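>>> Build the 3D model from these lines:
(chains A and B)
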Amino acid sequence: MPDKFTVEIISPDQTILKQETNEVIIPSFEGQMGILNNHIPLITFLRPGIITIKAEGEKRYYVEEGTVEFSNNNLLILTSTAIDLVNLDKSKINELLQKAEVNLNNQSTDKERYIASYKLETLKEISQ
Amino acid sequence: MLSLDDLKKRIKSVKSTQKITKAMKMVAAAKLRKAQESAEKGRPYSQKMQNIILNLTKSINDPQNAPKLLVGTGEDKKYLCVVLTADRGLCGGFNSNICKLAKTNFKEILGEGKELNIITVGSKGYDQIKREYGKYVIKRFSFKDKKNISFNEADEVGKEIISLFNQNKFDKCIIFYNNFKNVITQIPQAQQIIPAETKNLKEINDKNFTYEFEPEEDEILEDLLPKNISTQVFKALLENAASEQGSRMTAMDNATRNAGDLVDKLTIDYNRSRQASITKELIEIISGAESL
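Residues are numbered from 1 along each chain as shown, chains lettered A, B, ... in the order given. Below you'll find the model as predicted:
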């Protein structure tokens, strides 16, 4: 199909995912961003959120940070914290949630607070 | 000439040494497979990271204001050398090869009258360096108790490097590690990570894109560069882990073979001197019988 492109999620120790897809939604630093094929070359980084990959089925990954590059119909996501939502159970979420809550109050700069608040929000969203 | 009993003891002890080296070889072979796999899996991440940085660098119009981590401080006076070695010995020339390369570099740096600081990762490296360059070592890392190297360890080292850089402790940072080529060949390498070396990358990637950046280039770079330092350290650690096992495997294989040769030689000696003593006894009996 012509309207497809490749998406790769790579973490420092392995390639988590490489597949064809129609659409990917990423939590970019300045807001949610939907990417279709033939997108303009792009480099950006992520805030905590959920990456949604729409192909035949839908895949969702929780990320805390990362770097994204799109070029030649190839979407590259470099992150050290991508977790498939299927593998994320309730107790793990709650654990992360508690850490995030503590963390939010300890941030000094606006940018850190911004990132921490998104982390908390995302985790709350998943836990529902 | 050793007595028969002594020879017997020697043979026995060489044989048990051989058993140990053989076992170590097998263990190293099993670990090697795992280490090699993770080194290979880790390569795409660091390569792609370098690529992105390269693309970003190309689109920077104003090198004066570019982040210092990328272009350096503009000076060339103080050096930080990070020497990555193993925590365990008995792996052939693995540790000494890195140290040899590092020491040649130290000599050069000091010879040019520049300031030198050293960070060692892995206890074996420190042991070999401390005699000559002990006073330059400012920090030591050892991940002896960790079974597998994860990104966290690399991040620890990376953060230390960056905080030193921010305190203006050095202008250039070089890391020393063994690049894993294959089981028999590991190449000791010196890689400069601050300022980022982009020369050799340019040939590979010469596409001309105009990227859209979100947010601005320098903001992305600021986020990415520290991450890249840790990534490079992590890559070096993984390569090192694979090299260590590969090197140990070859070393132990050689040791096993040498022990085998030694056993053969000692067995011949043993048989010969046993035969000699039998012959001597026979001669004594015969000459004793003759004299009657």
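>>> Show me what counts as buried in the longest helix anywhere in chain A.
Secondary structure of chain A per DSSP state H: the longest helix is helix A:110-127. By 16 or more other Cβ atoms under 10 Å in any protein chain shown, the buried positions in helix A:110-127 come out as A:115-120, A:122-123, A:126. The way it works is simple: take the backbone N, C-alpha and C, and place the C-beta from them, glycine included.
>>> Which ones among these also lie next to chain B?
For chain B, no contacts are drawn from the buried residues of helix A:110-127 by Cβ under 8 Å from any Cβ of the partner chain.
>>> Those into a markdown table, with extra columns for pLDDT?
Below are these laid out as a markdown table (pLDDT from 0 to 100):
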| residue | pLDDT |
| --- | --- |
| A:Ile115 | 80 |
| A:Ala116 | 80 |
| A:Ser117 | 81 |
| A:Tyr118 | 82 |
| A:Lys119 | 82 |
| A:Leu120 | 81 |
| A:Thr122 | 82 |
| A:Leu123 | 81 |
| A:Ile126 | 77 |
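>>> could you say which helix or strand contains the nearest residue to B:Lys181 once chain neighbours are set aside?
Distances taken as Cβ to Cβ, 6 or more residues apart in numbering or on different chains place B:Ile187 nearest to B:Lys181, at 5.8 Å, with adjacent residues excluded. Per DSSP states H and E, B:Ile187 falls inside strand B:186-194.
>>> That strand pairs with which strands, parallel or anti?
Strands that pair with strand B:186-194, judged by DSSP bridges, come out as strand B:172-180 (antiparallel).
>>> Return the member of the buried residues of helix A:110-127 nearest to chain B.
Proximity of those to chain B (Cβ to the nearest Cβ) peaks at A:Ile115, which lies at 10.6 Å.
>>> Distance of that closest one relative to B:Leu56?
Going from A:Ile115 to B:Leu56 by Cβ to Cβ, to the nearest Å gives 21 Å.
>>> again with A:Thr15
In terms of Cβ to Cβ, A:Thr15 sits 22 Å off from B:Leu56.
>>> next one: A:Asp84
Distance, A:Asp84 to B:Leu56, by Cβ to Cβ: 29 Å.
>>> again with A:Pro27
A:Pro27 is 21 Å from B:Leu56, by Cβ to Cβ.
>>> now A:Ser71
12 Å.
>>> which of these two has more neighbours?
Between A:Ser71 and B:Leu56, B:Leu56 has the larger neighbour count (other Cβ atoms under 10 Å in any protein chain shown), namely 21 against 18.
>>> Assign a three-state SS to the more buried one, would you?
Here B:Leu56 is recorded as helix under DSSP: H, G, I helix; E, B strand; the rest coil.
>>> need the contact list for it.
Counting by Cβ atoms under 8 Å, 6 or more residues apart in numbering or on different chains, B:Leu56 touches A:43, B:211, B:217, B:220-221, B:224.
>>> rerun that using 10 Å as the cut-off
B:Leu56 sits next to A:43, A:69, B:66, B:70, B:211, B:213, B:217-218, B:220-221, B:224-225 when contact means Cβ atoms under 10 Å, 6 or more residues apart in numbering or on different chains.
>>> again, but for B:Leu4
B:269-270, B:273-274, B:276-277.
>>> and with 8 Å instead?
Residues near B:Leu4 by Cβ under 8 Å, 6+ apart: B:270, B:273-274, B:277.
>>> Flag every residue of chain A that's near chain B.
Residues of chain A lying close to chain B (Cβ under 8 Å from any Cβ) are A:10-15, A:28-30, A:33, A:40-45, A:67, A:69, A:71-72, A:76, A:78, A:80.
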